[in-house]
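[1] Following is a predicted model, sequence given first.
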Amino acid sequence: MNGSAGPGQELSRQLGLLDSVAIIVGVVIGVGIFRVPASIAEYLSSPLLVLAVWVAGGLLALCGGLCYAELSAAFPRTGGDYVYLRESYGPCPGFLFGWTQLLVIRPGNIAGIAFIFAEYAAYFVSLSPWGIRALAVGTIALLTGLNLWGLRFGRAAQNLLAAAKILGLLLLALVGLAVARAVNLEVSPPPPTELPLPLALGTALIFVMWTYGGWNESTYVAGEMKNPARDLPRSIALALFLILALYLALNAAYLACIPPSQMPQSEMVAALLVEQFLGGPGGGLIAVLVMVSALGALNGMVLTSGRLTYAFGADHPRFGLLARVHRQFRTPAPALLLNGLWSVLLVCTGTFDQLVAYTSAVTWLFFALIAAGLFLLRRLHPALERPYRVWAPLPVLFAAASLWLTYSAVAYSPLGSLAGLGILLAGLPLYYFVLSRPAPRA
């Protein structure tokens, strides 16, 4: 490769406010909005409750976003959550977060999104199961290479894909609402395995928050933003308001066109919505829309995951190779390549769904720790400049909600949550017996 990766290089600051918004929107609006409404309808039979839980999810994400706005403005460094946990609680919790992200969550999400993209591409071209896997692998390789080639290329692709998916989803929502008279407020019969309302709401909110996942993605590229202290908080708020508006419009369109009693059996509610006014050709339109959404999420995840891996490597000498920056392209080349290769391996083995599902409870536990750590950081670094300070009750609310979602995830899948805890704790021996020792001298 022309211009090998080497130490002493810095990532280039090229990202502005709109770039950050595009990263958040691109990652958050993936494929969940096309499938999650059916899952929510299994637990909530009231359309009013369905809309309410989407609003609650958006407001909860906004609470978390405002917490991250203070943290990102105070610590405008590449690495996001990893940096905040390390600064709040020390190197070990930060390492365990990085461990689960790098081993499971990040490559698992990349693999899963690439697989969904390939499945929908098969709508237009006949592909065998291994053909779908090969297309998923090729997509990961292409986007990894694009982001390795230079930030300007990854940024341009993300901005274009984010704009395309916003326009597509907005058109889908507007047409759906235009052809329907009003939102159907009929309450369907309760599901046969109805949970108590608090647990049903908590379970539904887990699915909703999965579709909001990624609102903190721009914090991972803080080191490459021109003015992170100013633009990061603004981008988080702008992106979340835009996403909440789109999600509400889409769900209102779903409820207006699809009887609530049919919603739980409709895995692809968007396809049913399009069939109301386009008939058969609507399937191709939805396939294209899902593919664009998947590509935007995939490119954003590739871009930000490389920066998390870079920050992780910079902190641990034994993983110092991951903190090298390509001399010519000014991108974290080894980190991007490692994430790409590991994601490809998960695609080939097909284990990503289980791995990501296992870590839901652990993910929300880390969110609670980050929100609580905000107050700890105020005490540890009282003189640190904070261009933005979040209203104190909001981090408390976000931490409490995160703990509630942790409990809901454990109640929903006790064995899976236990497996996720095992993955997390498996990082302890590596930390204490390898990384706590000094790295050998070259």
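    Good, I have the coordinates.
[2] can you map out the strands along this protein?
    5-6, 325-326 (DSSP state E).
[3] rank the ones you listed by pLDDT, which is bottom?
    The weakest mean pLDDT among the strands of the chain belongs to strand 5-6, with a mean of 46.
[4] burial of F124, as a residue count?
    Counted with other C-beta atoms under 10 Å, the neighbours of F124 add up to 11. (C-beta placed from N, C-alpha, C; glycine too.)
[5] For it, give me its contacts.
    Residues counted as contacts of F124 (C-beta atoms under 8 Å, 6 or more residues apart in numbering) are G284, A287.
[6] Contacts only, for the nearest residue to V53 once chain neighbours are set aside.
    Once flanking residues are discounted, V53 sits nearest to A204: 5.1 Å by C-beta to C-beta, 6 or more residues apart in numbering. Contact analysis of A204 by C-beta under 8 Å, 6+ apart lists S39, I40, Y43, L44, V50, V53.
[7] Can I have the buried ones of those residues as a ChimeraX selection?
    Typed into ChimeraX, the line below selects the buried ones among the contacts of A204, using 16 or more other C-beta atoms under 10 Å:
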select :39,40,43,44,50,53
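[8] Same list, the contacts of A204, but as CSV with pLDDT and distance to A253 please.
    As requested, those are arranged in CSV below (pLDDT from 0 to 100; distance: C-beta to C-beta, whole Å):
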residue, pLDDT, distance to A253
S39, 79, 18
I40, 85, 15
Y43, 81, 21
L44, 81, 18
V50, 87, 13
V53, 92, 17
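[9] so which of the contacts of A204 comes closest to L148?
    For the contacts of A204, the closest approach to L148 (C-beta to C-beta) belongs to S39, at 35.7 Å.
[10] Surely that closest one is in contact with F207?
    Yes - applying C-beta atoms under 8 Å, one finds S39 in contact with F207, separated by 4.9 Å.
[11] just to revisit the earlier point, please list the members of the contacts of A204 that lie in helices.
    Secondary structure assignment by DSSP state H places S39, I40, V50, V53 of the contacts of A204 in helices.
[12] hang on, the second one packs against V208?
    Yes - using C-beta under 8 Å, I40 is in contact with V208, at 6.8 Å.
[13] Pull up the overlap in contacts between the two.
    In contact with both I40 and V208: V53, using C-beta under 8 Å, 6+ apart.
[14] which one is Y89 nearest to, not counting chain neighbours?
    G373 (6.4 Å).
[15] give the contact list for the one you found.
    Contact analysis of G373 by C-beta under 8 Å, 6+ apart lists Y84, L85, E87, S88, Y89.
[16] where does this protein dip in pLDDT?
    Along the chain, the model assigns pLDDT under 70 to residues 1-10, 180-195, 260-261, 265-268, 275-283, 352-357, 434-442.
[17] tell me the phi and psi of the spatially most central residue of it?
    Centroid-nearest residue in the chain, with C-alpha atoms, centre = their mean: G214, separated by 3.0 Å. Main-chain dihedrals, G214, degrees, to the nearest 10: phi 110, psi 0.
[18] again with A122
    phi -70, psi -10.
[19] Quick check: the closest residue in space to it that isn't next to it in sequence vs A118, distance?
    With sequence-adjacent residues excluded and distances taken as C-beta to C-beta, 6+ apart, A122 is closest to I132, at 5.8 Å. According to C-beta to C-beta, to the nearest Å, I132 and A118 sit 4 Å apart.
[20] go on, A314?
    For A314, the distance to A118 - C-beta to C-beta - is 34 Å.
[21] Show me which of the contacts of G373 is closest to S218.
    Y84 (13.7 Å).
[22] just checking, that closest one touches E70?
    No - Y84 is beyond contact range of E70, at 10.0 Å (criterion: C-beta under 8 Å).
[23] And for Y432, the neighbour number?
    So Y432, with other C-beta under 10 Å, has 12 neighbours.
[24] next one: phi and psi at S126?
    According to degrees, to the nearest 10, S126 has phi -70, psi 120.
[25] if I look at it, how far off is L295?
    21 Å.
[26] The two: which is more packed in?
    Using other C-beta under 10 Å as the criterion, S126 and L295 rank with L295 on top: 24 against 7.
[27] Once you drop chain neighbours, what's closest to the more buried one?
    L161 (5.5 Å).
[28] what's the distance between the residue nearest to V53 and G65?
    For A204, the distance to G65 - C-beta to C-beta - is 21 Å.
[29] Then K165?
    20 Å.
[30] Same drill for these two, tell me which one is more crowded.
    G65 (29 against 25).
[31] ok, now which ones touch that one?
    W215, N216, I236, A237, L240.
[32] Next: G168.
    G168 touches V288, L289, V292, S293, counting by C-beta under 8 Å, 6+ apart.
[33] could you dump the residues you listed to JSON lines with neighbour count and distance to L346?
    As requested, those are exported to JSON lines (neighbours: other C-beta atoms under 10 Å; distance: C-beta to C-beta, whole Å):
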{"residue": "V288", "neighbour count": "16", "distance to L346": "26"}
{"residue": "L289", "neighbour count": "22", "distance to L346": "25"}
{"residue": "V292", "neighbour count": "21", "distance to L346": "23"}
{"residue": "S293", "neighbour count": "28", "distance to L346": "20"}
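[34] from those, which is closest to L232?
    For the contacts of G168, the nearest to L232 is S293 (23.8 Å; C-beta to C-beta).
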